[in-house]
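Participant: Got a sequence here, can you model it:
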Amino acid sequence: MILLLGAPVEGHFGSRIMAWLCFLTSVVCALFHWCMTTNKALMGASGILYMLIGLHTVSGAGGVEIVGKGVKVPVTFVLVCVMFLAEEVWLGGTRDDQVSHLTHVVGGV
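Facilitator: As a prediction, this is how the structure comes out:
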């Protein structure tokens, strides 16, 4: 998924900004995980994946836009927020499946 979403997002934002966002997302996710959980390891790049999903939806990759108070928001961005982030908040509160759902939410935000 990172390879699939990374190329168009990098093409839109540039390599330097993409590298900075990946670094920043990794550090912020690690700090949130460190502060909020105990005795659990953090492994993988799921926070970066959720960041890429969010960036891909706002990078002008199609979709209908809604207008509200002079601000245009892609409908795909709203759908991603509702579907992915709400699911992660729900799963994080109802399951103990050794997955850092908090990292998914932080990466998506």
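Participant: for the record, mean pLDDT for the host helix or strand of I48?
Facilitator: Here I48 sits within helix 46-58, counting by DSSP states H and E. Across helix 46-58, the average pLDDT comes to 82.
Participant: What residues of it count as buried?
Facilitator: Neighbour-count burial for helix 46-58 flags S46, G47, I48, L49, Y50, M51, L52, I53, G54, L55, H56, T57 (criterion: 16 or more other Cβ atoms under 10 Å). Where C-beta positions appear, they are placed from N, C-alpha and C, glycine not excepted.
Participant: which of the residues you listed lies closest to R16?
Facilitator: Closest approach to R16 among the buried residues of helix 46-58 (Cβ to Cβ): L55, at 14.5 Å.
Participant: host element of E88?
Facilitator: Assigned by DSSP H and E, E88 belongs to helix 86-94.
Participant: do H12 as well
Facilitator: Element membership for H12, per DSSP H and E: helix 2-13.
Participant: Please put the alpha-carbon coordinates of that helix into CSV.
Facilitator: Taking Å, rounded to 0.1, in the frame of the first residue of the first chain, the C-alpha atoms of helix 2-13 are listed here in CSV:
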residue,chain,number,x,y,z
ILE,A,2,2.8,2.4,0.8
LEU,A,3,4.3,1.8,-2.7
LEU,A,4,0.9,2.2,-4.3
LEU,A,5,0.1,5.5,-2.6
GLY,A,6,3.6,6.9,-2.1
ALA,A,7,4.4,7.5,-5.8
PRO,A,8,1.4,9.9,-6.5
VAL,A,9,1.7,11.7,-3.2
GLU,A,10,5.5,12.1,-3.7
GLY,A,11,4.8,13.4,-7.2
HIS,A,12,2.4,16.0,-5.9
PHE,A,13,4.3,17.2,-2.8
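Participant: Can you pull the phi/psi pair for T37?
Facilitator: phi -130, psi 160 (degrees, to the nearest 10).
Participant: and it, what pLDDT?
Facilitator: T37 is assigned 72 on the pLDDT scale.
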